[in-house]
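got a predicted structure plus its sequence, pasted below:
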Amino acid sequence: MSESGPPGEPSAPLPSSTLPPPRTRIFKIIVIGDSGVGKTCLTFRFCAGKFPDKTEATIGVDFRERLVDIDGETIKIQLWDTAGQERFRKSMVQHYYRNVHAVVFVYDVTNASSFRGLPAWIEECRQHALGSEVPRILVGNKCDLRDSVQVGTDVAQQFADSHSMPLFETSAKSPGGGGEDGRGSSDHVEAIFMTVAHKLKSQKPLVLSQPAETAAAGAVNLSRGREDGGGGARGWGCSSC
Ligand SMILES: Nc1nc2c(ncn2[C@@H]2O[C@H](COP(=O)(O)OP(=O)(O)OP(=O)(O)O)[C@@H](O)[C@H]2O)c(=O)[nH]1
């Protein structure tokens, strides 16, 4: 007998209009790295599909979200674009690291100092008890500025390997290697975040979720932008990356 139905009546399936809405899983991904490496541009690029007209230094944190479809499941990717400048981080930093599902470390390939700063960001994660089960990736941004590169792929790959992270080199501005408007033949920034989402989906079910109806509309299909597989990164040893 149904607990909620009238006594004595057999339980019948609920009409679909009365079923609770399906839950949407949320993947919280924090994006960290020195000021000016392009965290805002990368997250904007993924969530809004374009390079922002102008950016200012992030104060505290900005959130950007996008619904994606992975193997038939709608998932909300929530990107936390954190401030790179110490003075804009202080009061917020403990909030970034709560319930984090993945971390994206960003450096600027044209700025060696931003690459040298990476161990400090890794150390900050350690201090906030981020375990090795939390996937991390390394992103070298601004690859469109070919003549100004200061951090070579081999040195970055060595660093990534030594921290068991996949390395992606990309450009938020011209992510497919195409024109300045960013409309290349394949969208590398897309592939990077989708690779993280795939990795997370292949892990155990995550707790954070919300009814799908409250999530923003506009789910996209995974097949878009996956052709290049995210730049042949290695480091996780899983089939989806
Ligand atoms: N050429 C080029 N410029 C970029 C790229 N990504 C970001 N920029 C520029 O780099 C500057 C800093 O970008 P942001 O995205 O604001 O950097 P951020 O890491 O969010 O900086 P903070 O908020 O201070 O931590 C801006 O002038 C961007 O236009 C890129 O891929 N190529």
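On my side now, so go ahead.

show me where this structure has helices.
Under the criterion DSSP state H, helices of the chain are mapped to 39-48, 86-89, 93-96, 112-116, 118-127, 153-162, 188-201.

of these, which is nearest Glu133?
In terms of C-beta to C-beta, the element of those nearest to Glu133 is helix 188-201, at 11.0 Å. (Glycine included, C-beta is placed from N, CA and C.)

using PDB, write out every CA atom in that closest one.
The C-alpha atoms that make up helix 188-201 are tabulated as PDB, following Å, rounded to 0.1, in the frame of the first residue of the first chain:
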ATOM      1  CA  HIS A 188      40.600  23.600 -27.400                       C
ATOM      2  CA  VAL A 189      39.200  25.500 -24.400                       C
ATOM      3  CA  GLU A 190      36.000  23.500 -24.800                       C
ATOM      4  CA  ALA A 191      37.900  20.300 -24.900                       C
ATOM      5  CA  ILE A 192      39.900  21.100 -21.800                       C
ATOM      6  CA  PHE A 193      36.900  21.600 -19.500                       C
ATOM      7  CA  MET A 194      35.000  18.800 -21.100                       C
ATOM      8  CA  THR A 195      37.900  16.500 -20.400                       C
ATOM      9  CA  VAL A 196      37.700  17.400 -16.700                       C
ATOM     10  CA  ALA A 197      34.000  16.900 -16.700                       C
ATOM     11  CA  HIS A 198      34.400  13.400 -18.300                       C
ATOM     12  CA  LYS A 199      37.000  12.500 -15.700                       C
ATOM     13  CA  LEU A 200      34.600  13.600 -12.900                       C
ATOM     14  CA  LYS A 201      31.700  11.700 -14.400                       C
END
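
neighbours of the spatially closest residue to Gly60 that is not a sequence neighbour, how many?
Nearest non-adjacent residue to Gly60, counting by C-beta to C-beta, 6 or more residues apart in numbering: Met92, 4.4 Å away. Counted with other C-beta atoms under 10 Å, residues neighbouring Met92 total 14.
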